[in-house]
Every structure is written in C-alpha cells, then in structure tokens.
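Visitor: dropping a prediction and its sequence here:
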Amino acid sequence: MVAKVILFGEHAVVYGYRAISMAINLNTSVKVEKADKFIIYSENLNKTLVSDNLECNDRDFSYIINTLKIFFNNFNIEPEYLKLSIYSEIPVSCGLGSSASVIIETLKSLSNFYNIELDKNDIFKLAYEVERITQGKASITDTATITYGGVLEIKDNKFRKLNDLNDFIKECDFLIAYVEKRNKKTADLVKEVSNLDYKDEIFKEIDKIAKEAIKVNDKKEFGELLLKNHELLKKLNISTNKIDKVIDIAKKYSYGAKITGAGGGGCVIILLNDNWKELIKRIKNHVISLYPCKVIL
Ligand SMILES: Nc1ncnc2c1ncn2[C@@H]1O[C@H](COP(=O)(O)OP(=O)(O)OP(=O)(O)O)[C@@H](O)[C@H]1O
Ligand SMILES: C[C@@](O)(CCO)CC(=O)[O-]
Ligand SMILES: [Mg+2]
C-alpha cells in the first residue's frame, strides 16, 4: 500500500474546500494470523499490544483497533483473537498519511484472511469511516488518495482524478524532507485549527491557490503556489520554526516547497530544480530523513 502527499489544501479540505493530493511510493504491509489474544505488533512503533478485548484505549493503536472493530461489525464476524504485524516505510505521524495507509492495508489483509472480496470503493468507504471515527473530524483526502492512487482533487468530500495534472507531475521531481517528529496527532491539529475564528478567510485563499494549481504545467509557477500555500498554513499555526527554516532554504534552491499533512512538524514537500545538490547539502543538517518521491498511479 502507498502513502500520500497533500500538494495543496490540507485543513481547508476538512471544511469542504479544495485539496490536491498525490499517491507516492512508500509502502505498508500488514500480516494477519490466528492468535490466543488480540496482538498488534508494529515494527515502526517498536511496540506490541496484547489484549483480551478491543476496548483498550491505547492511542498508538487506535486506528488499528477501530479498523478491526469496523471490519468485524461490517461483515457480522464474531471478533476472534488475531495477531496483526505491521511493517511500513512511512514515517509515522508526519503528514504522509501513515494512518490511512495502515488502515487500508489492514482492511486488505483482513479481507484476504477471511476470503472476503473487497473492491476499491469498499476499502475506501470502510477506511474513511475508521479515519473519521478515530480522528473525530477527517476529510476523504488521505483514504481516497491511497486507495485510488495518482493525483486527486478533493472538494466537498468528493474526489476526481486529475489526469492532466498527473501528466505534468510525472515530469516533476519531488523530495520529501522529514524535518521533525510531531508531538501532536492529526486529530489534535485538526481540533486546534477548528478553534481559529479567522480560519475561513485562510481556507478561501488556499482554495483559490489549489484551483489555480490544477491548470499549471510550469514548474516555477507550481513551486510559487506551493510557497503561497505554506504562508497561509503558517497563519493557521500548523508550521514550526524547524519547518520554516527548511522552507527558507528551499526558496533559494528549489522551485518551491510547503509543509504537507496536518503539520505541527512532520514533513515538507519540495519541488526540485537543478540546484537539488546544493539544496540537499544545505538542508541535510536540518532534517531527520529525506525521501525522493514520484507520483504513483
Ligand atoms: N506503522 C504503524 N504501525 C502502527 N500504527 C501506525 C503506523 N503508522 C501510523 N499508525 C497509526 O497512525 C497514527 C498516526 O496518524 P496521524 O494521522 O496522526 O499521522 P499521519 O497519518 O502520518 O499524518 P497525516 O494524517 O497528517 O497525513 C499513529 O499514532 C498510529 O496510531
Ligand atoms: C489535516 C488534514 O487535512 C490532512 C491530514 O493528512 C486532515 C484531513 O484532511 O482529514
Ligand atoms: Mg493520518
């Protein structure tokens, strides 16, 4: 299963404004086995949960536990003890849709384990229900992008594939800079933004930028729109000093960049130009890790 990068519109999309997101080549896998308890092992979290029931409220495993509950309930399966082992290339809680990727891969692995045929639409609907219930508020951005792949426009919680923009983005080289560990979850950040009484003016400006980006096929123009979106996200208080430091360097040595996902730290998406070697030299001491990425269909 893949991950996702929101190119434009995070947070605004939760309120029905436009977002553009793309599926990227970072994968998750989930193994399902019979067990004598509910066991959830995550290599990334370096953590194992062992429980007699699914009522434990371990926040680290809340998405997985809700995925199990919704799967059992949706298919009228008597909950039985299972061991789930999760392995993911996606850095956790940093804006690349790790929660959605883990939910979707868990649903696919459970459906294989129980020989239940699920098409993409079934997966998408169940995954969105898990994100919404676990986060309290969620758009379809992450679950739709990771389920369907490519480049999507999301608006009013509906989505469409942007094949023309996909063709342009396929010619782009992006770098994801994982800048800093987030100490808040997406749910917390979405809640904080909901308390801002000026958020709608910001969202309207972001929506205009996303709408403009759909028609772009020039890397310089696209990069400038990324930077403009970032400046608006800063006004929603979801950026950080470390993130802004990397953005400032990227302004000089790339076409443009912005924070991606819920924010509060996490990752920056950078549209590379010919200065990419100088860029990497100047940001490498300000990041945890770097992921070259391409859109995947
Ligand atoms: N490899 C994993 N193993 C177990 N749980 C995971 C894994 N990856 C993500 N999760 C679950 O998803 C949560 C992170 O989801 P969250 O929505 O906060 O961040 P994200 O999805 O990475 O970023 P964003 O939603 O901004 O794209 C983790 O706290 C954990 O509950
Ligand atoms: C912050 C947000 O817009 C994106 C998280 O990846 C939340 C959502 O769309 O569910
Ligand atoms: Mg998430």
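Guide: Perfect, I can see it now. Ligands and ions are numbered 1, 2, ... in the order given.
Visitor: quick check, Glu131 in contact with Thr143.
Guide: Yes. With contact defined as Cβ atoms under 8 Å, Glu131 counts as touching Thr143 (5.7 Å). Placement of C-beta: from N, CA and C, glycine included.
Visitor: now the closest residue to ligand 3 within the stretch 101-250 of the chain, nearest residue through space, not along the chain?
Guide: At 4.5 Å from ligand 3, Thr186 is the closest residue in the stretch 101-250 of the chain, using Cβ to the ion. Leaving aside its chain neighbours, Thr186 sits nearest to Ala262 (4.0 Å; criterion: Cβ to Cβ, 6 or more residues apart in numbering).
Visitor: residues from the stretch 51-200 of the chain in reach of ligand 2?
Guide: 97, 138-139, 141-142, 186, 190 (Cβ under 6 Å from any ligand atom).
Visitor: quick one: buried residues of stretch 94-105?
Guide: Within stretch 94-105, the residues that qualify as buried are 94-105, counting by 16 or more other Cβ atoms under 10 Å.
Visitor: looks to me like Ala23 is in a strand.
Guide: Yes. Checked against DSSP: H, G, I helix; E, B strand; the rest coil, Ala23 lies within a strand.
Visitor: shouldn't Val50 be within a strand?
Guide: Yes. Assessed by three-state DSSP, Val50 belongs to a strand.
Visitor: so it sits against Asp36, correct?
Guide: No. Look at Val50 against Asp36 with Cβ under 8 Å: they stay out of range, at 9.6 Å.
Visitor: between the two, who's got more neighbours?
Guide: Val50 (13 against 8; other Cβ atoms under 10 Å).
Visitor: look up which residues are beta-bridged to the more buried one.
Guide: Note on Val50: beta-bridge partners Ile39, judged by DSSP bridges.
Visitor: distance of it relative to ligand 3?
Guide: 25 Å (Cβ to the ion, to the nearest Å).
Visitor: and that residue, what does it touch?
Guide: With contacts defined as Cβ atoms under 8 Å, 6 or more residues apart in numbering, the neighbours of Val50 are 37-39.
Visitor: are any of those residues buried, and if so which?
Guide: 38-39.
Visitor: mind putting the contacts of Val50 into CSV with pLDDT and distance to Asn166?
Guide: Shown next, in CSV, are the contacts of Val50 (pLDDT from 0 to 100; distance: Cβ to Cβ, whole Å):
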residue, pLDDT, distance to Asn166
Lys37, 97, 44
Phe38, 98, 40
Ile39, 98, 40
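Visitor: since that was my last question, I'll sign off now.
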